[in-house]
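>>> Structure here, sequence nowhere to be found:
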């Protein structure tokens, strides 16, 4: 007698760091969609979540939480009536037909200019099936959130090399924990595919989380493949309740405006910091720097605050007079973590109060 197939659990638990991820992607989509739809030449936007799950979760207290696809679909459905000449498409995919059925029951209906397509397949197959337009009049945002630490760069390459944004959930904790102990051929192949290196080379990273992250950035830049055009990468760590990094959410964008937006929204989501890491150190406490630089503050590179932004600018411009504010904001725009928008007042206040700078309406003397 054949065994009955175990029922698929369609509603999983979303821990606090996962809910933060939902919030960050949702808020980025809101800003991204509005900026593009208000751009005259933009004819449409495409959002793709190729590993979307059921879109419905319980938090640690048993309360219902909705995930990325439902949040995004509800938002785009609500705004597209205001853009009758433009189009929006959502593609949602999961390996589980049960999870897709649960998701479909919670999604809004398609309209004349808002379209939803759901699929049950390997997410990489969906990406290969989509016809990515070379036209810059349709803009793509792809969320790539694999169930395991597996990234298929061949499927991602058209999205990285064309006009659009890609958000990758880099499950770095899996790599840090397991690479050095990996023996099974399937596991070795997984890591070699993700980092495009031999397992022997990957093993040299050891427990250095930054080394794994650097390798992912190198692959993204190589996949973009256009030497004469900048490509921007922002990355933010997500910590669990034990204060350990679970994954990094990595944005790749060919447009500096998307890069700037992502940084600003991430800081807002994390409470005006670069992560939700818990720290027992008072990062605002001034202390004496015995290298002769005077007073300084403690810096946690996994959890920057606004004073760290001011500290960075002070280190770059110390001794210079009447530096135009635009030059400062342009410098922050290129920074991989610090936002250049949304914190001007706080940054100027910290430079003045904590570092003794003279702030005027249009410039700062350091």
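Done, it's in. Only a predicted model underlies this, so the values are computations on that prediction, with no experimental measurement involved. Numbers count the residues shown, from 1 in each chain.

>>> Now for residue 255, how many residues are close by?
Applying other CB atoms under 10 Å, we find 19 residues neighbouring residue 255. For every residue, glycine as well, the C-beta is placed using N, CA and C.

>>> what residues does stretch 306-324 touch?
Contact with stretch 306-324 is made by 272, 283-284, 296-297, 299, 328, 331-332, 335, 338-339, 343, 346-347, 350-351, 354-355, 357, 360, 362-366, as judged by CB atoms under 8 Å, 6 or more residues apart in numbering.

>>> Over to stretch 170-183?
146, 148-149, 151, 187-188, 191, 194-195, 199, 202-203, 205-207, 209, 212-213, 216, 235, 244-250.

>>> which parts of that stretch are buried?
Neighbour-count burial for stretch 170-183 flags 170, 171, 172, 173, 174, 175, 176, 179, 182 (criterion: 16 or more other CB atoms under 10 Å).

>>> Equivalent analysis for stretch 99-113, please.
By 16+ other CB under 10 Å, the buried positions in stretch 99-113 come out as 99, 100, 102, 103, 107.

>>> any idea what sits nearest the last one, other than its immediate chain neighbours?
To tie it back to what came earlier, the one meant is residue 107. Of all residues not flanking residue 107 in the chain, residue 73 sits nearest, at 5.2 Å (CB to CB, 6 or more residues apart in numbering).

>>> in which helix or strand would I find that neighbour?
Residue 73 is located in helix 68-79, with elements delineated by DSSP states H and E.

>>> how far does the next helix or strand after that helix sit from the chain's center?
Next helix or strand after helix 68-79 toward the C-terminus (DSSP H and E): strand 87-94. The chain centroid and the centroid of strand 87-94 are separated by 19 Å under CA atoms, centre = their mean, to the nearest Å.

>>> Strand 87-94 packs against which elements?
Secondary-structure packing of strand 87-94 (3 or more CB pairs under 8 Å, 6 or more residues apart in numbering; DSSP states H and E): strand 44-49, helix 68-79, helix 97-104, strand 114-120, helix 123-129.

>>> Most tightly packed of these?
A comparison of the helices and strands packed on strand 87-94 by mean neighbour count, using mean count of other CB atoms under 10 Å, puts strand 44-49 on top with a mean of 23.

>>> Next, the angle from that one to strand 114-120.
With axes from the mean of the first three to the mean of the last three CA atoms, to 10 degrees applied, the angle from strand 44-49 to strand 114-120 works out at 30 degrees.

>>> going forward, begin numbering at 32 instead of 1
That works, and once the first residue is 32, the last one we named lands at strand 75-80.

>>> Now do the helices in the chain.
Applying DSSP state H to the chain gives helices spanning 47-68, 99-110, 128-135, 154-160, 184-192, 203-209, 216-226, 230-234, 240-255, 287-300, 337-348, 356-364, 375-386.
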